[in-house]
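**Student:** I would like the atomic coordinates for the input below:
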Amino acid sequence: MRMGKVERPRRGETNPPRADSKGKPKHAAAASVVGQLSPDVVSIYFSPVLTELAVQALENYAANLLEYDDIVRDMEAMKEKQADVAADGSIRGIEPPEPPIAPLYRSEYYVKELRQVLSETS
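**Tutor:** Down below sits the predicted model:
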């Protein structure tokens, strides 16, 4: 501090911008207020993404389940026509593949429950 000169503000001493300040960030939405989050963050941002992922997983599971049913039906038809006989005379069967693993949202009921929970959350 020199005599006769005004002390300059330092970086650590400046106050951060307040929520009601006139300045807005460069890429802020028109209706947004600086420093405030939208009250419906869950319903606006997360709800559509989560429901879309749940529906997509359900559709993939249904498609995989249909393919599995077709494979099992074809294998049963082949067992009736042909049998694999080992050298000792025992009949070896063809083992069906493992069924597809059920996702978290395995039916429309669970997807509706997800939508209801997300709408109640926001």
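**Student:** tell me which element the closest residue to Arg115 other than its chain neighbours is part of?
**Tutor:** Nearest residue to Arg115, sequence neighbours excluded (Cβ to Cβ, 6 or more residues apart in numbering): Thr51, at 5.8 Å. Where C-beta positions appear, they are placed from N, C-alpha and C, glycine not excepted. Take DSSP states H and E as the rule and Thr51 turns out to sit in helix 47-81.
**Student:** Pull out the buried positions in that helix.
**Tutor:** The neighbour-count check on helix 47-81 (16 or more other Cβ atoms under 10 Å) flags Ser47, Leu50, Thr51, Ala54, Ala57, Leu58, Tyr61 as buried.
**Student:** show me what contacts the fifth one?
**Tutor:** Applying Cβ atoms under 8 Å, 6 or more residues apart in numbering, we find Ala57 in contact with Pro103, Leu104, Tyr105.
**Student:** So which of those residues wins on neighbours?
**Tutor:** Tyr105 (21 neighbours; other Cβ atoms under 10 Å).
**Student:** tally of neighbours for Glu13?
**Tutor:** 8.
**Student:** before we move on, could you check phi and psi at Lys5?
**Tutor:** phi -110, psi 140 (degrees, to the nearest 10).
**Student:** low-scoring pLDDT stretches of this protein, where are they?
**Tutor:** Scanning the chain for pLDDT under 70 picks out 1-2, 14-39, 80-87, 89-94, 122.
**Student:** Before I go, just wanted to say thanks for your time.
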